[in-house]
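mind looking at a prediction? Sequence and model below.
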Amino acid sequence: MARTTRKNNKADGTKEKARDLRTSVALLWGEQEQPTRGPKPSLTPHLIAETAVALADAEGLEAASMTKVAAEFGVSAMALYRYVPGKAELVELMVEAVLAERPDLSAAGPGWRSRTTEWAHRLWAVYQAHPWLLVATAMRRQVMGPAQLGWLDAALAALKPTGLTAAQRHQVFLLIIGQVRNLSQQQADFDADHDREWGRLTGELLDRHTDRFPALTDAIAEGMFAPAAIDPLDFGLDRVLDGVQLLIDRTEGISS
């Protein structure tokens, strides 16, 4: 999941071809018209999306091309267009497929904080299982399907007992999803060999310039880059939710 961002032009300055979002709505919500004549369709958008997800999980989002997905079924890419108009719609269906189950937060307890934390951990697990989701939802223009709206609804429901306004609850939601996505991006970008080389070179630089960066040198000596004893997701979430609690307390103080 990610907040939607409007984008009018491509990076090269050319205007993007407008898509008929009604087609996306119909696909995502299962409202497309079914043929009344001819042979029964051998594929479905859902089956095509699941196959594309498997390719993306194994090789990245670029691997989930119409051509490669079609090859998995032993048909031509043109044959898929009977079910999915193009790659953009296919990616939308893929996002829906991996977010298919609305998170059940009841086991986390009744408190808004515990349920919000559980929601974030559930979303984190989805991003870990499907790293391509970061790219697929980075710059989105399409409407959301029932699965994505279910996740949003669950988050807002968890935050409702805070007493914050709807706009404030939405901003908290964006902070939380931003924390999850940021850590997911860090993990996706991590390269162990590069990290070791970076550490070696940085250590050599600081040895030569300790007097210029005393705070940094001291922090590294104290274990700044040592294997984290604190879970980074929980640490960030706790700080965000601590701030939310302060906002709640302040709002309650004003209203009393």
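Perfect, I can see it now.

CA only for contacts and neighbour counts going forward, please
OK.

for stretch 61-72, which positions count as buried?
61, 63-66, 68-70 (16 or more other Cα atoms under 10 Å).

can you tell me how far V135 sits from P227?
Using Cα to Cα, to the nearest Å, V135 is found at 27 Å from P227.

more neighbours: which of the two?
Counted by other Cα atoms under 10 Å, V135 and P227 do not tie: V135 has more neighbours, with 12 against 7.

distance-wise, check the more buried one relative to S184.
Distance from V135 to S184, by Cα to Cα: 11 Å.

repeat that for E96.
In terms of Cα to Cα, E96 sits 19 Å off from S184.

between these two, which is the more surrounded one?
Taking other Cα under 10 Å, E96 and S184 do not tie; E96 has more neighbours (23 against 20).

which helices and strands sit right next to the helix or strand hosting the more buried one?
Taking DSSP states H and E as the criterion, the element that holds E96 is helix 87-98. When contacts are defined as 3 or more Cα pairs under 8 Å, 6 or more residues apart in numbering; DSSP states H and E, helix 87-98 packs onto helix 21-28, helix 45-59, helix 133-136, helix 146-159.

what about the shortest one, distance to the chain center?
Going by Cα atoms, centre = their mean, to the nearest Å, the spacing between the C-alpha centre of helix 133-136 and its chain's C-alpha centre is 6 Å.

over to stretch 71-90?
Worked out by Cα atoms, centre = their mean, stretch 71-90 lies 24 Å from the chain centre.

now it: buried residues?
77, 80, 83-84, 88-90.

what lies in contact with that stretch?
Residues from elsewhere that reach stretch 71-90, judged by Cα atoms under 8 Å, 6 or more residues apart in numbering: 24, 27, 43-45, 49, 51-52, 65-70.

nearest to L247, of the residues you listed?
S24 (38.3 Å; Cα to Cα).

give me the spatial nearest neighbour of that closest one, chain neighbours excluded.
E89 (6.2 Å; Cα to Cα, 6 or more residues apart in numbering).

low-confidence regions, the stretch 101-250 of the chain specifically.
Applying pLDDT under 70 to the stretch 101-250 of the chain picks out residues 139-142, 228-229.

change it to 80
139-143, 225-229 (pLDDT under 80).

now do D191 against M66, distance only.
30 Å.

no no, G236
Taking Cα to Cα, one finds G236 at 38 Å from M66.

what of D193?
With Cα to Cα as the criterion, D193 and M66 are 34 Å apart.

do S76 as well
In terms of Cα to Cα, S76 sits 9 Å off from M66.

could you do L90 as well?
Counting by Cα to Cα, the gap from L90 to M66 is 8 Å.

and for L246?
For L246 relative to M66 (Cα to Cα), the value is 49 Å.

hang on, E62 packs against A56?
Yes. Between E62 and A56 a contact is recorded at 7.2 Å, counting by Cα atoms under 8 Å.

next, the contact list for the closest residue to P161 other than its chain neighbours, please.
Of all residues not flanking P161 in the chain, W112 sits nearest, at 6.2 Å (Cα to Cα, 6+ apart). The contact partners of W112, taken as Cα under 8 Å, 6+ apart, are 158-162.

including neighbour count and distance to L205, could those residues go into a markdown table?
Listed next are the contacts of W112 as a markdown table, based on neighbours: other Cα atoms under 10 Å; distance: Cα to Cα, whole Å:
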| residue | neighbour count | distance to L205 |
| --- | --- | --- |
| A158 | 23 | 48 |
| L159 | 24 | 47 |
| K160 | 14 | 50 |
| P161 | 12 | 51 |
| T162 | 20 | 48 |
